[in-house]
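> next comes the sequence, and after it the predicted model I'd like to discuss.
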Amino acid sequence: MCSSVAFAQVEIEIPPPYNIKTISFVQNDQNVVPIFMLGEGFQLQFDDLFGNEANYYYEIIHCDYNWNPSPIPKIEYLEGFDNQRIIDYVNSFNALQIYSHYKLAIPNQFTISLKLSGNYKIKILDENREVVFTRKFIMYENIVKVPIQVKRSRTLSNIDMKHNVDFTIISNSIIFQNPLKNVRVLLLQNDQFNSAIKNIQPQYTIGNELIYRYDGQTQFWAGNEFLYFENKDIRAAANNVSRLDSNTPVYGSHLFTNEARRNFPYSFTQDLNGNFSVQNINAANSEIEADYAWVYFTLSAPSFRLNKDIYVTGMFNNFSLTPNYKMDYDPKTALYEKAILIKQGFTSYQYTIADEKGVIDYENAIDGNFFQTENYYTVIVYYREGVDRYDRVVGRGKANSVNTIN
């Protein structure tokens, strides 16, 4: 059976301006990937470095599988109202960098609940109702089971560099109608939307089970473990911080130079798969007492000769490929350098190669691709029956490559 497959194009999200930092979805006081079960609550938090208690508003848009606005009227997917001002904000305390910290809880007194599963976009607006930034999130129903098995690539040429994701969709409550057309999936590595695989059809069916066991269509480049640094005490050089700089208005954290690991043997390092944690060990409330620091990244990649750019990415910047995170090459030192203002705590990051159109080059990754790399894989299942007007998200499956088999 033939199957059409395509890597998801980077869906256009409006990146924040320079003064908006540390945007995160929070659940149970932890930064999380924005994939929530229908009915669960969560928060969107961010800082405004202007610290002037500006007025911000929010709007929630229900989207289809391709993140385009769905035709569903707002009254059908939202109980209550949006387009309300964010009223939960506090100014920073005991920090050199002033900022206002905003928290938007969903649900809240205005937005009582989201009634439908599916893809969503949340827009943050200024007082002129102009969009400041947008973020995606997904609400899913737990109707189908999605057992997943991560395997090594079946292609000998890249057997040591890729992971293959086999999975099955099982449901006792849904009788799938025309699954080749009505069932869609989204495959995520470490829950990154910019590397998602989509438009995969079931390879075959057994009763009401949909089987996906492709050789090449569901493969990801395995990558390498994320790098990280720790500056929970902003006045002390901790993990992977070589020295501090106090000659600037805020502290500077100079990291040790990272060597490109592409040609080095694989070495395991415990990481957060791109996540970060804001923390000031000398504070009672890190949300408003954690300070910002200029973090100086330095990369030695002498064999990098592609006509592409290198970016510093992670969940701390939503894996953004904007000029604010593009590294500069210094011909005198033969090093790539970048200074980024980051809220203190524990931050994991990686170096990403992309061209001017934002197309990421995974094959020639700075730190290489190793099948031993520990990655999380997620499968999101969408279903639309013939009478439906929107793409329901009916299930989610997760697996870890620690359990990879041949």
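Yes, it's here. Remember, predicted model here, so these are calculated numbers, not experimental data.
> quick one: what helix or strand has the closest residue to residue 398 other than its chain neighbours in it?
Distance criterion Cβ to Cβ, 6 or more residues apart in numbering; nearest residue to residue 398, sequence neighbours excluded, is residue 378 at 5.2 Å. For the C-beta atoms, the positions are set from N, CA and C on the backbone; glycine is no exception. Secondary-structure assignment from DSSP states H and E places residue 378 in strand 376-383.
> what ranges do the helices span in the stretch 51-200 of the chain?
All helices of the stretch 51-200 of the chain, identified by DSSP state H, counting those that start in this stretch, fall at 74-77, 179-182.
> distance to residue 280 and mean neighbour count for these - can I get that in JSON lines?
Output for the helices of the stretch 51-200 of the chain, formatted as JSON lines (distance: least, Cβ to Cβ, whole Å; neighbours: other Cβ atoms under 10 Å):
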{"stretch": "helix 74-77", "distance to residue 280": "39", "mean neighbour count": "14"}
{"stretch": "helix 179-182", "distance to residue 280": "50", "mean neighbour count": "13"}
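> closest to residue 256 out of these?
Judged by Cβ to Cβ, the one of the helices of the stretch 51-200 of the chain that comes nearest to residue 256 is helix 74-77, at 48.2 Å.
> distance between that closest one and the chain's centre?
A distance of 27 Å separates the centroid of the chain from that of helix 74-77, by Cα atoms, centre = their mean, to the nearest Å.
> what is residue 85 paired to in the beta sheet?
Beta bridges link residue 85 to residue 57, judged by DSSP bridges.
> and the pLDDT at it?
Per-residue pLDDT puts residue 85 at 96.
> can you pull the contacts of it?
55, 56, 57 (Cβ atoms under 8 Å, 6 or more residues apart in numbering).
> what about burial for those, which qualify?
For the contacts of residue 85, a burial check counting by 16 or more other Cβ atoms under 10 Å picks out 56, 57.
> of the contacts of residue 85, closest to residue 335?
Ranked by distance to residue 335 (Cβ to Cβ), the contacts of residue 85 are led by residue 56 at 38.7 Å.
> pick out the shakiest of the helices of the stretch 51-200 of the chain, pLDDT-wise.
Ranked by mean pLDDT, the helices of the stretch 51-200 of the chain bottom out at helix 179-182, with a mean of 90.
> just the CA trace of it, in CSV.
The C-alpha coordinates for helix 179-182 follow below in CSV (Å, rounded to 0.1, in the frame of the first residue of the first chain):
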residue,chain,number,x,y,z
PRO,A,179,-9.2,5.4,8.2
LEU,A,180,-7.0,6.2,5.2
LYS,A,181,-8.8,9.5,4.9
ASN,A,182,-10.2,10.2,8.4
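> which secondary structure elements does the strand holding residue 378 contact?
Strand 376-383 sits against strand 148-152, strand 162-170, strand 183-189, strand 392-400, with contacts defined as 3 or more Cβ pairs under 8 Å, 6 or more residues apart in numbering; DSSP states H and E.
> export those strands to a markdown table and tack on distance to residue 244, mean pLDDT and mean neighbour count?
Shown next, in a markdown table, are the helices and strands packed on strand 376-383 (distance: least, Cβ to Cβ, whole Å; pLDDT from 0 to 100; neighbours: other Cβ atoms under 10 Å):
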| stretch | distance to residue 244 | mean pLDDT | mean neighbour count |
| --- | --- | --- | --- |
| strand 148-152 | 41 | 93 | 19 |
| strand 162-170 | 39 | 95 | 22 |
| strand 183-189 | 35 | 96 | 23 |
| strand 392-400 | 36 | 95 | 20 |
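> can I get the ones you listed in TSV including distance to residue 254?
Compiled in TSV, the helices and strands packed on strand 376-383 are given as follows (distance: least, Cβ to Cβ, whole Å):
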stretch	distance to residue 254
strand 148-152	37
strand 162-170	34
strand 183-189	31
strand 392-400	34
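> tell me which of those strands lies nearest to residue 348.
strand 183-189 (14.7 Å).
> hang on, the earlier thing: switch the contacts of residue 85 over to CSV; also include pLDDT.
What follows is the contacts of residue 85, written out as CSV (pLDDT from 0 to 100):
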residue, pLDDT
55, 97
56, 97
57, 97
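> between the contacts of residue 85, which is closest to residue 320?
Closest to residue 320, out of all of these and judged by Cβ to Cβ, is residue 56, at 19.7 Å.
> phi first, then psi, for residue 56.
Main-chain dihedrals, residue 56, degrees, to the nearest 10: phi -130, psi 150.
> which residue ranges form the helices in the stretch 251-400 of the chain?
Using DSSP H, counting those that start in this stretch, helices in the stretch 251-400 of the chain cover 286-289.
> residues making contact with stretch 316-333?
10, 13, 15, 18, 22-23, 135, 192, 194, 274, 276, 297, 299, 309-313, 335-338, 340, 342-343, 347, 349, 351-352, 354, 358, 360.
> out of those, which end up buried?
The neighbour count (16+ other Cβ under 10 Å) marks 10, 13, 15, 22-23, 135, 192, 194, 274, 276, 297, 299, 309-313, 335-336, 338, 340, 342-343, 347, 349, 351-352, 354, 360 as buried among these.
> in the stretch 51-200 of the chain, where is pLDDT below threshold?
Scanning the stretch 51-200 of the chain for pLDDT under 70 picks out nothing.
> hmm, back to that, columns distance to residue 173 on top of the contacts of residue 85, output as TSV?
Listed next are the contacts of residue 85 as TSV, based on distance: Cβ to Cβ, whole Å:
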residue	distance to residue 173
55	45
56	41
57	39
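> out of the contacts of residue 85, who's nearest residue 92?
residue 56 (16.4 Å).
> so that closest one makes contact with residue 88?
No: under the criterion of Cβ atoms under 8 Å, residue 56 makes no contact with residue 88, lying 10.7 Å away.
> which strands or helices does the helix or strand residue 210 falls within pack on?
Following DSSP H and E, one finds residue 210 within strand 209-212. With contacts taken as 3+ Cβ pairs under 8 Å, 6+ apart, strand 209-212 sits against strand 162-170.
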